[in-house]
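# sequence plus the predicted model coming up.
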Amino acid sequence: MMKTVFAVIKNDQTLVENVIVAEDDFNIDGYTLIPVGDLYCQPGMFFNLKDKIFYFDEEFLNSPTYNKDGTYTTQNQ
């Protein structure tokens, strides 16, 4: 079974409580596990369900995923 990096977020919330490596079928009662993929994520960040991006602030304004010019920082160049 493949292992994945997940952000651990309480159900119906946006705050990343932890980042773990677990098998794809792993579950924690009361929490949603969001695959991080190639995005930057650490505990204390916030997950925006609409754009699937992690942000430093709860208002979803400051993200390490986008450059200041609006381009995606993890895109292949």
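Yes, it's here.

# show me where this protein has strands.
Counting by DSSP state E, the chain has strands at residues 3-10, 16-23, 31-35, 46-48, 53-55.

# point out where the chain drops to low pLDDT.
Scanning the chain for pLDDT under 70 picks out the ranges 68, 74-77.

# one more time with 80
By pLDDT under 80, the weakly predicted segments of the chain are 1, 66-77.

# picking up where we left off before, winner for burial among the strands of the chain?
Each of the strands of the chain was scored by mean neighbour count; the highest is strand 53-55, a mean of 21, by mean count of other C-beta atoms under 10 Å. No exception for glycine: its C-beta is placed from N, CA and C like everyone else's.

# for Thr71, find the nearest of the strands of the chain.
Minimum separation from Thr71 across the strands of the chain (C-beta to C-beta) falls at strand 53-55, 13.3 Å.

# show me what that closest one pairs with in its sheet, parallel or antiparallel.
With DSSP bridges as the test, strand 53-55 is paired with strand 46-48 (antiparallel).

# quick one: contacts of the partner strand?
7, 9, 14-16, 34, 41, 53-58, 60 (C-beta atoms under 8 Å, 6 or more residues apart in numbering).

# looking at these, which is nearest Thr73?
Nearest to Thr73 among the contacts of strand 46-48: Ile53, at 10.7 Å, using C-beta to C-beta.

# re earlier: can I get the contacts of strand 46-48 in JSON lines with distance to Phe26?
As requested, those are arranged in JSON lines below (distance: C-beta to C-beta, whole Å):
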{"residue": "Ala7", "distance to Phe26": "13"}
{"residue": "Ile9", "distance to Phe26": "14"}
{"residue": "Thr14", "distance to Phe26": "21"}
{"residue": "Leu15", "distance to Phe26": "20"}
{"residue": "Val16", "distance to Phe26": "16"}
{"residue": "Ile34", "distance to Phe26": "13"}
{"residue": "Cys41", "distance to Phe26": "17"}
{"residue": "Ile53", "distance to Phe26": "23"}
{"residue": "Phe54", "distance to Phe26": "20"}
{"residue": "Tyr55", "distance to Phe26": "25"}
{"residue": "Phe56", "distance to Phe26": "26"}
{"residue": "Asp57", "distance to Phe26": "29"}
{"residue": "Glu58", "distance to Phe26": "27"}
{"residue": "Phe60", "distance to Phe26": "27"}
